[in-house]
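Student: this one's sequence-less:
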């Protein structure tokens, strides 16, 4: 006897938008299944298939979903795309699931989408942003126009910025790092981003820039170069590239590409034409992404020679006399970016002979000098300035260079080295030469050690040089010149200062920079003031009596020679 088996009617497999449309009577069951099959075959979303086939209009679909799912509906034509948050959701996720970020409030992220039923998108957004998505219905056609417009704008901007054809080879010193760099994702190795970075570096070198700044903001991304000490905005690439660009720079600089929460430092060496140029790279987490600053370290700057730095003859002779001494301390002072490192390296280059043992400790070593033993500070490993100095003294050195004296321990060891037959050179962050001595006293260094060890102190600034092609004489009132610091006899006659004009060969009338120096030898008179713990004012008065020009007076000499402008000197020496 045959047993009858009862066949159950097939259950509906519809879900998401398809089920909503069938329940609302907008599509038949059969039509919905056909559109689902078509979307799978063409590997597109169901909404793309149903709207593309003309089965339902975008606005009708949006209103239907809003009513059925009780979700808010917004017209994208009323939204300014410039004001929308960027990069809260990865561009790949936005393109894959056809959605866009409309806003953020607290831990909630408002997502505009034509299909709010995509559970996988919710989980991915939660995981990558650590925020809770709140769906807002938008019309499909308007959404796609916004997404395509963003992608097209980004690609066109990058291609136009990086359209030059050139070679730029990375010099990998570490084979392991090179292998890791080769394994980065295609996202990091995105061709337009690579070409854009190469173009920025080459442009910076050609424009004689000292630093490149890549700065992310909420709605913009800015690239600036520091040229002749002045920051200039170069371009504003699309905000969408900021993550890729930072990742590319970090890969080349051998930083941790996954770490975006803390600052990192790195270096890279790139071949530019026939020479290799070093770059020092620093990243900083900001509100809207990682800011990256790249310092260009040109080794040729240390080999320019002392003549190219801008010392007047009397200042140069004092410096050369001091570095020729067998022992003692020479200090170079000034703010960050005033050229202290180049001055020290120039002196080291003069002293770098086969019969001399030179050791330097820096944070980090900026310029590689063959024949000089250079050490980088490593605080994590316990290699501080003081620790390196102690080790140097057991390495039979003749000349020691300390990148910076930051504390009493370093100062004490450096001064004792200067007293025991070594020539020691270092830097301090003070405004002028006289205040350097009182700074050492305030650190706790004994006056006797200072008076017996320090040979010479150089304070310096960098001023922009006038362009020789376009500079013109300027008429300044006599009172202005006297107020600036000139003596009456110095401004009488036919002499006139020059002013900046500007031409195609320069930067607003300036081209290059020149040093302004206060070179103060420690004479017996100054030693007596130190031993009696005199003030910086007392030392300054004695230095003036000894024939030492202060920074303003040295700058005025450069103005009189037509090298720079009075405005520039007043700006850089205005204490």
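Tutor: Alright, I've got the coordinates. Not measured: the values here are computed from a predicted model. Numbers count the residues shown, from 1 in each chain.
Student: pLDDT below threshold where in the protein?
Tutor: 1-13, 82-83, 86-87, 149-190, 272-275, 299-304, 575 (pLDDT under 70).
Student: and the residue sitting nearest the centre point of it, what helix or strand is that in?
Tutor: Centroid-nearest residue in the chain, with CA atoms, centre = their mean: residue 293, separated by 1.0 Å. Using DSSP states H and E, residue 293 falls within strand 289-297.
Student: Touching, the residue nearest to the centre of the chain and residue 212? I think so.
Tutor: Yes: using CB atoms under 8 Å, residue 293 is in contact with residue 212, at 7.0 Å. (Each C-beta comes from the backbone N, C-alpha and C, glycine too.)
Student: State the number of residues packed around the closest residue in space to residue 256 that isn't next to it in sequence.
Tutor: Leaving aside its sequence neighbours, residue 256 sits nearest to residue 264 (CB to CB, 6 or more residues apart in numbering; 6.5 Å). Counted by other CB atoms under 10 Å, the residues lying close to residue 264 total 19.
Student: got it, and residue 103?
Tutor: Residue 103 has 16 nearby residues by other CB under 10 Å.
Student: what about residue 216, distance to residue 540?
Tutor: 45 Å (CB to CB, to the nearest Å).
Student: higher neighbour count, these two?
Tutor: Taking neighbours as other CB under 10 Å, residue 216 and residue 540 compare with residue 216 leading, 22 against 19.
Student: Is the more buried one bridged to anything, and to what?
Tutor: residue 221 (DSSP bridges).
Student: quick one, helices of the stretch 201-350 of the chain?
Tutor: 242-252, 313-323, 340-351 (DSSP state H, counting those that start in this stretch).
Student: ok, and which of those helices has the densest surroundings?
Tutor: Mean neighbours per residue, mean count of other CB atoms under 10 Å, is largest over those for helix 242-252, with a mean of 23.
Student: ok so, going back, now the helices of the stretch 201-350 of the chain as a markdown table including distance to residue 125?
Tutor: Converted to a markdown table, the helices of the stretch 201-350 of the chain look like this (distance: least, CB to CB, whole Å):
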| stretch | distance to residue 125 |
| --- | --- |
| helix 242-252 | 16 |
| helix 313-323 | 62 |
| helix 340-351 | 47 |
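Student: Among the ones you listed, which comes closest to residue 66?
Tutor: Smallest distance to residue 66 across the helices of the stretch 201-350 of the chain (CB to CB): 33.1 Å, for helix 242-252.
Student: So which elements touch the closest one?
Tutor: Secondary-structure packing of helix 242-252 (3 or more CB pairs under 8 Å, 6 or more residues apart in numbering; DSSP states H and E): helix 175-182, helix 191-206, strand 209-216, strand 264-272, strand 275-286, strand 289-297.
Student: how does it look with 7 Å?
Tutor: Of the remaining helices and strands, those touching helix 242-252 by 3 or more CB pairs under 7 Å, 6 or more residues apart in numbering; DSSP states H and E are helix 191-206, strand 275-286, strand 289-297.
Student: and the angle from it to strand 275-286?
Tutor: 130 degrees (axes from the mean of the first three to the mean of the last three CA atoms, to 10 degrees).
Student: how many degrees apart are helix 242-252 and strand 209-216 in direction?
Tutor: Using the same axes, to 10 degrees: helix 242-252 against strand 209-216 is 130 degrees.
Student: Return the distance of helix 242-252 from the chain's centre.
Tutor: Distance of helix 242-252 from the chain centroid (CA atoms, centre = their mean, to the nearest Å) equals 13 Å.
Student: go on, stretch 225-235?
Tutor: Per CA atoms, centre = their mean, the centroid offset for stretch 225-235 relative to its chain is 12 Å.
Student: got it, and stretch 330-347?
Tutor: Distance, centroid of stretch 330-347 to centroid of chain: 21 Å (CA atoms, centre = their mean).
Student: and the end-to-end length of that stretch?
Tutor: Start-to-end span of stretch 330-347 (CA to CA, to the nearest Å) is 10 Å.
Student: Please list all residues in contact with residue 97.
Tutor: Residue 97 sits next to 118, 121 when contact means CB atoms under 7 Å, 6 or more residues apart in numbering.
Student: what's stretch 384-403 in contact with?
Tutor: Counting by CB under 7 Å, 6+ apart, 344, 348, 351, 356-363, 375, 377, 406, 409-410, 413-414, 417, 422-427 sit against stretch 384-403.
Student: whoops, I mixed them up, stretch 463-483
Tutor: Stretch 463-483 has contacts (CB under 7 Å, 6+ apart) with 228-229, 488, 491, 496-503, 505-506, 509-514, 516, 555, 558, 562-566, 568-569, 572.
Student: Any of those residues buried? List them.
Tutor: 228-229, 491, 497-500, 506, 509-514, 516, 555, 558, 562-566, 568-569, 572 (16 or more other CB atoms under 10 Å).
Student: Out of those residues, list just those in helices.
Tutor: Using DSSP state H, 491, 555, 558, 566, 568, 569, 572 are the members of the buried ones among the contacts of stretch 463-483 that sit in helices.
Student: and residue 499, what does it touch?
Tutor: 472, 474, 565.
Student: In a markdown table: those, plus distance to residue 221.
Tutor: Below are the contacts of residue 499 laid out as a markdown table (distance: CB to CB, whole Å):
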| residue | distance to residue 221 |
| --- | --- |
| 472 | 39 |
| 474 | 39 |
| 565 | 34 |
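Student: Out of those residues, flag the one nearest to residue 324.
Tutor: Taking those together and measuring to residue 324 by CB to CB, the closest member is residue 565, at 35.0 Å.
Student: isn't residue 146 right up against residue 77?
Tutor: No: applying CB atoms under 7 Å, one finds residue 146 not in contact with residue 77, separated by 9.8 Å.
Student: These two: which is more packed in?
Tutor: Between residue 146 and residue 77, counting by other CB under 10 Å, residue 146 is the more crowded of the two (17 against 9).
Student: Name the helix or strand for that one, please.
Tutor: helix 140-161.
Student: and residue 277, what are its bridge partners?
Tutor: Beta-bridge pairing for residue 277 (DSSP bridges): residue 270.
Student: Residue 283 too?
Tutor: Beta-bridge partners, per DSSP bridges, of residue 283: residue 264, residue 292.
Student: same thing with residue 462?
Tutor: Going by DSSP bridges, residue 462 is paired in beta bridges with residue 515.
Student: begin at 22 from here
Tutor: Got it, first residue is 22 now, which makes that one residue 483.
Student: Please report how far it lies from residue 592.
Tutor: When residue 483 is compared with residue 592 (using CB to CB), they lie 11 Å apart.
Student: out of these two, which sits in the busier spot?
Tutor: The residue with more neighbours, out of residue 483 and residue 592, is residue 483; 23 against 13, by other CB under 10 Å.
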